[in-house]
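Student: this one's structure only:
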């Protein structure tokens, strides 16, 4: 089994009704560059408080102020806590 990989540390997020939560990175996201756009990934969100929740994310491309970057469109498990800045989104292996 592979070790978890930090995909991004969240700067901000916006709910997109019917789609999920668009999560924008606080810094460059080199691990997301390895994936095609719209690739579905098993993820775990780890909040600064230590709370954890699992979900699915797709790799998305976002353009802000003429800069193109990668982010995630996130769908978390039912009852997940609200994400806050500095939440980490990890790629995980659900088979564990």
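Tutor: Sure, I can see it. A quick note: this is a predicted structure, and the numbers were derived from the prediction, not measured.

Student: quick one, strands of the chain?
Tutor: 5-16, 20-25, 40-46, 52-64, 67-76, 88-91 (DSSP state E).

Student: can I get those in CSV with mean pLDDT and mean neighbour count?
Tutor: Bear in mind the C-beta positions are built from the backbone N, C-alpha and C, glycine included. Formatted as CSV, the strands of the chain follow (pLDDT from 0 to 100; neighbours: other Cβ atoms under 10 Å):
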stretch, mean pLDDT, mean neighbour count
strand 5-16, 94, 16
strand 20-25, 94, 20
strand 40-46, 96, 19
strand 52-64, 92, 16
strand 67-76, 92, 18
strand 88-91, 96, 20
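
Student: quick one, which of those is nearest to residue 31?
Tutor: For the strands of the chain, the distance to residue 31 is smallest for strand 5-16, at 5.3 Å, taking Cβ to Cβ.

Student: re the thing from before, kindly reformat the strands of the chain as CSV containing distance to residue 82.
Tutor: Listed next are the strands of the chain as CSV, based on distance: least, Cβ to Cβ, whole Å:
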stretch, distance to residue 82
strand 5-16, 9
strand 20-25, 9
strand 40-46, 10
strand 52-64, 10
strand 67-76, 10
strand 88-91, 14
